[in-house]
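**Q** let me see the structure of the following:
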Amino acid sequence: MTQPPVVALLYPLLLAVLSSSAPAQTSPREARVYRCGPEGRQLQDSPCADKASAPAQAVRFDQPSGSQQRAAQQQALEIERQADMMERERLRSEAAQRKQQAGPGRIDGLARPAPVSASAPAQKAVKALPQRKKAPHPAQGASAPR
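**A** Here you go, the predicted structure:
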């Protein structure tokens with residue numbers, strides 16, 4: 001599919017304008033956290049019990065606006081609906097394929113066996129395996145050694 005040159009030029013420009021407006025909708029926030037535990041890998045919002053004098057560190061993050069949160073929830077719902085629809089379609093397709101492949105079983109008593117060539121080696125006689133003798137059952141009153 002070929003696009004007219006004007007549309008091809010306007011598309012990146014439109015993306016640049018939309019992407020630059022998105023950060024303006026978020027509000028920057030800051031939280032104070034304390035690094036606790038071995039090597040400071042555990043973060044918590046209250047001072048550490050083992051390091052009472054450790055200073056709090058500021059962590060900055062962007063809080064999405066209400067409209068961004070609603071848009072993200074709508075997008076997640078739409079993706080979930082599409083996934084459900086695709087799964088139902090896949091299951092229907094697989095069922096139809098199984099039904100098509102699994103034709104009725106037939107036994108054709110009129111079919112002739114394949115001819116055996118004269119050069120085929122003769123079948124060896126199958127030798128029966130000797131039967132194992134079963135071990136006698138232990139007496140009812142006997143107990144296991146201790």
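**Q** show me what the longest strand along the chain is packed up against.
**A** In the chain, assigned by DSSP state E, the strand with the most residues is strand 27-36. Counting contacts by 3 or more CB pairs under 8 Å, 6 or more residues apart in numbering; DSSP states H and E, strand 27-36 packs against strand 42-44, strand 57-63. In this view, the C-beta of every residue, glycine as well, is placed from N, C-alpha and C.
**Q** redo those as JSON lines? Include mean neighbour count, mean pLDDT and distance to residue 82.
**A** Output for the helices and strands packed on strand 27-36, formatted as JSON lines (neighbours: other CB atoms under 10 Å; pLDDT from 0 to 100; distance: least, CB to CB, whole Å):
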{"stretch": "strand 42-44", "mean neighbour count": "12", "mean pLDDT": "85", "distance to residue 82": "36"}
{"stretch": "strand 57-63", "mean neighbour count": "10", "mean pLDDT": "86", "distance to residue 82": "28"}
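**Q** wait, which of those is closest to residue 70?
**A** With CB to CB as the measure, strand 57-63 is the member of these nearest residue 70 (14.2 Å).
**Q** in its sheet, what does the closest one sit against?
**A** Here strand 57-63 is paired, per DSSP bridges, with strand 27-36 (antiparallel).
**Q** pLDDT (mean, whole number) over the strand it pairs with?
**A** In this model, strand 27-36 has a mean pLDDT of 85.
**Q** please save the CA atoms from that strand in PDB.
**A** Provided in PDB are the C-alpha atoms of strand 27-36 (Å, rounded to 0.1, in the frame of the first residue of the first chain):
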ATOM      1  CA  SER A  27       2.000  15.600  37.500                       C
ATOM      2  CA  PRO A  28       5.500  15.100  38.900                       C
ATOM      3  CA  ARG A  29       5.500  13.700  42.500                       C
ATOM      4  CA  GLU A  30       8.100  12.900  45.000                       C
ATOM      5  CA  ALA A  31       8.200  10.200  47.800                       C
ATOM      6  CA  ARG A  32      10.600   9.900  50.700                       C
ATOM      7  CA  VAL A  33      12.000   6.400  51.100                       C
ATOM      8  CA  TYR A  34      14.600   4.800  53.500                       C
ATOM      9  CA  ARG A  35      17.000   2.100  52.300                       C
ATOM     10  CA  CYS A  36      17.100  -0.700  54.800                       C
END
